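J.: predicted model and sequence follow; I will ask about them next.
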Amino acid sequence: RLYQIPFEMPDCEGESESRTLNLIGDFSAPAEFFVTLGVFSFLYTMAALVLYLRFHSLYSENKKIPIADFCITVCFTFFWLVAAAAWGKGLMDVKAATRPASLIAAMAVCQGEDVVCNAGTTPAMGLANISVVR
């Protein structure tokens with residue numbers, strides 16, 4: 001929800017004043033889907049471990065339980081692939097929205113002819129990139 005993040009930018013007319021730039025974009029849905037699927041996967045894994053370890057005889061005697069377990073695992077695998085792709089796209093959109101060049105282009109103070117604006121540093125996105133790879 002980048003629109004909730006205020007970004008202070010200088011105002012050239014009065015050096016002590018600053019204006020607030022609100023970023024554009026809401027990329028929370030892919031991240032929430034990714035995290036929710038991860039939580040449900042964890043809970044299913046814990047339930048399956050209890051079934052495997054505590055009720056092993058029930059699992060081995062009833063032939064429908066292993067097939068149901070396989071089908072649920074295949075569904076989780078498919079949704080995990082979809083969630084990872086959605087979060088990867090959401091992360092690319094966050095990177096594009098917070099890229100220093102696009103922030104400078106959105107600032108009215110940097111649009112003057114004699115004004116030179118530079119970003120200073122690029123945001124660190126290493127941990128976010130790792131979250132997509134996982």
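T.: That came through, no problem. Everything numeric in this text was worked out from a predicted model, so none of it was measured.

J.: backbone dihedrals for residue 63, both of them.
T.: phi -80, psi -20 (degrees, to the nearest 10).

J.: read off the pLDDT value for it.
T.: The model reports residue 63 with a pLDDT of 88.

J.: repeat that for residue 15.
T.: So, for residue 15, pLDDT stands at 56.

J.: same deal with residue 42?
T.: 95.

J.: how near is it to residue 49?
T.: Here the criterion is Cβ to Cβ, to the nearest Å. By it, residue 42 lies 11 Å from residue 49. Bear in mind the C-beta positions are built from the backbone N, C-alpha and C, glycine included.

J.: same thing with residue 122?
T.: Distance from residue 122 to residue 49, by Cβ to Cβ: 43 Å.

J.: how about residue 110?
T.: On the measure of Cβ to Cβ, residue 110 and residue 49 end up 56 Å apart.

J.: these two: which has the busier surroundings?
T.: The neighbour comparison of residue 110 against residue 49 (other Cβ atoms under 10 Å) goes to residue 110, with 16 against 10.

J.: any idea how far residue 100 is from that one?
T.: From residue 110 to residue 100 the distance is 11 Å (Cβ to Cβ).

J.: could I get the CA-only coordinates of stretch 92-102 as CSV?
T.: Output of stretch 92-102 as CSV, limited to C-alpha atoms (Å, rounded to 0.1, in the frame of the first residue of the first chain):
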residue,chain,number,x,y,z
MET,A,92,8.6,-5.8,-9.7
ASP,A,93,5.8,-3.3,-9.5
VAL,A,94,7.0,-2.1,-6.1
LYS,A,95,10.5,-1.7,-7.5
ALA,A,96,9.2,0.3,-10.5
ALA,A,97,7.1,2.6,-8.2
THR,A,98,10.0,3.2,-5.8
ARG,A,99,12.8,3.5,-8.4
PRO,A,100,14.7,6.8,-7.8
ALA,A,101,14.2,7.9,-11.4
SER,A,102,10.5,7.6,-11.2
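
J.: any idea how far that stretch is from the middle of the chain?
T.: Relative to the chain's own centre, stretch 92-102 is displaced by 14 Å; criterion: Cα atoms, centre = their mean, to the nearest Å.

J.: buried residues in that stretch?
T.: Residues of stretch 92-102 classed as buried: 94-95, 97-98 (neighbour count, 16 or more other Cβ atoms under 10 Å).
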